[in-house]
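Trainee: Attaching a predicted model along with its sequence, questions to come.
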Amino acid sequence: MPDQEPDTVSAQEAPEFAAAQFVRWFREVAPYVHAFRGKTFVVAFGGDLVQAGALNALVQDLSLLSALGVRLVLVHGSRPQVNEQLRLKGYTQQFDRGMAPTDPAALECAKEAAGEIRLDIEAAFSQGLPNTPMSHSHIRVISGNFVTARPTGVVGGIDYQHTGQVRKIDVDALKFAIEKGSSVVLLSPLGFSPTGDAFNLAMEELATSVAVALRAEKLIFLSSSPGVLAPDGTVDTELARIDADALLQQGELDEDTAFFLRHASLSVKRGVARAHLVPYALDGSVLLEIFTHDGVGTMVVEDTLDDLRPATLDDVGAILSLIEPLEADGTLVPRPRSVIEREVERFTVLEHDGVIYGCAALHPYPDDHMAEMACLIVNPEWQGSGEGEILLRHMESRARAMGARRLFVLTTRTSHWFMKRGFVQGGVADLPREKQHNYNRSRNSLVFIKKL
């Protein structure tokens, strides 16, 4: 049956609330569009996504990202297709997660499966029918020998034959293709040695190596898993790498989630800014993950949590040394040592090699489902590498854990810094009642509020 043209409704015909909702959403995603233009995303998915019939929808979403200026490298897997080829040819070997030997027959099946999927992906990007999301799109897909591989060799007495590992990524050629050529690069899970031999690679390892080599802004794994689940059954939308590693050590995650989370954590540890686990079963999951505040999957970040910890009484002197210069110039309200000592459990500090170089405090107002962030300070000698962002994200996470729906700050000097990070100016009347009573009107501090 031929595809029917989708129904379209003009803005004039749409209900007023729907039009307003669309405008509000469009304005909300604009900062993300600006932030990600010119950035590199590595998007990786297995052959199970293709089997599930989710390829066309994914390509449409990736086409939109490309149109918005995101530089894309796609890495596909083919494990189910290889297994099907083996079965059809009468071989008993089947590949599962983890490393397994690849004999010559299995290598031929891997080549056939990779070629078939590559052609399917290229065909999907070539769509351009009117009244479809691919209309007017002109995306060039480039594949090639960007990956040098080496044999895994003999491990534990087992000869892995044509199973290989990534040896080198041709970074210059990849960057030329995605930057100068404005093309989407497509990589299959195969690599080639200088001797001309082909090797079967793990898609997850290949995607991680490429993302690290390109210093990608994001590595996105699409899988059948919804992401990492919190104890209450909801998706844990953000994990610090150190927490992800702790979950992996506990050994309680399902196989799929653990496998992808391990590679996500490794990529972040090696320099990728963000790694995501996103469910392909949810239509538009990549767009939802990128363009909404909380996303729909699990994002792994570095956050240098090795340096981030709750403050103790022993830290009071260091906190005071951070606060005093800002009290002297009027940026902060003077706080006696006794106040810091009494409220020290509300502080978080950044520490490196025994030196505390940043701090922030969180004051909850549970009756109003709000929290106040105060004393967000980074030593000027340490500024410039995102330490303030680290403290802010941590405070947002703590506030959410407390049940707060909004985070507010009072400031006289740093309003623009908070506005750039999603805070909106409010008024004294927007503060919790207790805070309104304690508000120092002589300072006339500005109120900024962020929805969590």
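Mentor: Okay, I see it.
Trainee: Report the secondary structure element holding the residue nearest to Pro334 when sequence neighbours are not counted.
Mentor: Once flanking residues are discounted, Pro334 sits nearest to Glu327: 4.7 Å by Cβ to Cβ, 6 or more residues apart in numbering. From N, CA and C alone the C-beta is placed, and that goes for glycine too. In the assignment (DSSP states H and E), Glu327 maps to helix 316-328.
Trainee: helix or strand right after that helix?
Mentor: Counting by DSSP H and E, what follows helix 316-328 is helix 337-342.
Trainee: before we move on, the earlier item: next, count neighbours for the residue nearest to Pro334.
Mentor: Glu327 sits with 13 neighbouring residues when counted by other Cβ atoms under 10 Å.
Trainee: ok, now which ones touch it?
Mentor: 333-335 (Cβ atoms under 8 Å, 6 or more residues apart in numbering).
Trainee: ok, of these, which come out buried?
Mentor: 333, 335 (16 or more other Cβ atoms under 10 Å).
Trainee: quick one: the strands in the stretch 51-200 of the chain?
Mentor: 71-76, 141-142, 147-151, 154-155, 158-159, 164-169, 184-187, 190-192, 198-200 (DSSP state E, counting those that start in this stretch).
Trainee: And the closest residue to Ser285 other than its chain neighbours, what's its pLDDT?
Mentor: In space, and not counting its chain neighbours, Ser285 is closest to Val278: 4.8 Å by Cβ to Cβ, 6+ apart. Note on Val278: pLDDT of 97.
Trainee: got it, and the one 10 residues further on?
Mentor: At Leu288, the predicted lDDT confidence score is 94.
Trainee: Distance of it relative to Gly384?
Mentor: 32 Å (Cβ to Cβ, to the nearest Å).
Trainee: Now do the buried residues in stretch 96-113.
Mentor: 99, 101-102, 106-111, 113.
Trainee: what does it contact?
Mentor: With Cβ under 8 Å, 6+ apart as the criterion, stretch 96-113 contacts 47, 78-79, 81-82, 84-86, 89, 91, 93, 95, 152, 155, 158-163, 189-190, 198-200, 202, 255-256, 259.
Trainee: how about the nearest residue to Arg405, chain neighbours excluded?
Mentor: Closest to Arg405 by Cβ to Cβ, 6+ apart is His369, at 4.4 Å.
Trainee: you'd agree the one you found is up against Leu407?
Mentor: No. Using Cβ atoms under 8 Å, His369 is not in contact with Leu407, being 10.6 Å away.
Trainee: More neighbours: those two, which one.
Mentor: Leu407 (24 against 15).
Trainee: What pairs with the helix or strand encompassing that one, parallel or antiparallel?
Mentor: When elements are assigned from DSSP H and E, Leu407 belongs to strand 406-411. Applying DSSP bridges to the sheet, strand 406-411 is found paired with strand 370-378 (parallel), strand 446-451 (antiparallel).
Trainee: So for Ala401, which of the ones you listed sits nearest?
Mentor: Evaluated over these, closeness to Ala401 peaks at strand 370-378, with 10.1 Å, by Cβ to Cβ.
Trainee: Figure out how far that closest one is from the centre of its chain.
Mentor: 25 Å (Cα atoms, centre = their mean, to the nearest Å).
Trainee: Report the buried residues of it.
Mentor: For strand 370-378, by 16+ other Cβ under 10 Å, it's 370-378.
Trainee: ok, back up a step: which one of the strands paired with strand 406-411 lies nearest to Val316?
Mentor: Across the strands paired with strand 406-411, closest to Val316 is strand 370-378 (Cβ to Cβ), at 12.4 Å.
Trainee: Restricting to C-alpha, output the closest one in PDB.
Mentor: What follows is strand 370-378, C-alpha atoms only, in PDB (Å, rounded to 0.1, in the frame of the first residue of the first chain):
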ATOM      1  CA  MET A 370      12.800  24.600  46.300                       C
ATOM      2  CA  ALA A 371      16.400  24.800  47.200                       C
ATOM      3  CA  GLU A 372      18.900  27.700  47.300                       C
ATOM      4  CA  MET A 373      22.400  27.400  46.000                       C
ATOM      5  CA  ALA A 374      24.800  29.800  47.800                       C
ATOM      6  CA  CYS A 375      28.500  30.500  48.000                       C
ATOM      7  CA  LEU A 376      29.300  29.100  44.500                       C
ATOM      8  CA  ILE A 377      33.000  29.900  44.400                       C
ATOM      9  CA  VAL A 378      36.100  28.700  42.400                       C
END
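Trainee: the inter-axis angle of that strand versus helix 316-328?
Mentor: Interaxial angle, strand 370-378 versus helix 316-328 (axes from the mean of the first three to the mean of the last three Cα atoms, to 10 degrees): 90 degrees.
Trainee: So for stretch 401-408, mean pLDDT?
Mentor: 93.
Trainee: contacting residues around it?
Mentor: With contact meaning Cβ under 8 Å, 6+ apart, stretch 401-408 is reached by 362, 364-366, 369-373, 395-396, 399, 426, 430-431, 447-452.
Trainee: next one: stretch 49-62
Mentor: 43, 45, 72, 74, 76, 80-81, 117, 120-121, 124-125, 127, 132-134, 184, 222, 224, 280-281, 283-284, 286-287.
Trainee: Now with 7 Å, please.
Mentor: 43, 72, 80, 117, 120-121, 124-125, 133-134, 222, 280, 283-284, 286-287 (Cβ atoms under 7 Å, 6 or more residues apart in numbering).
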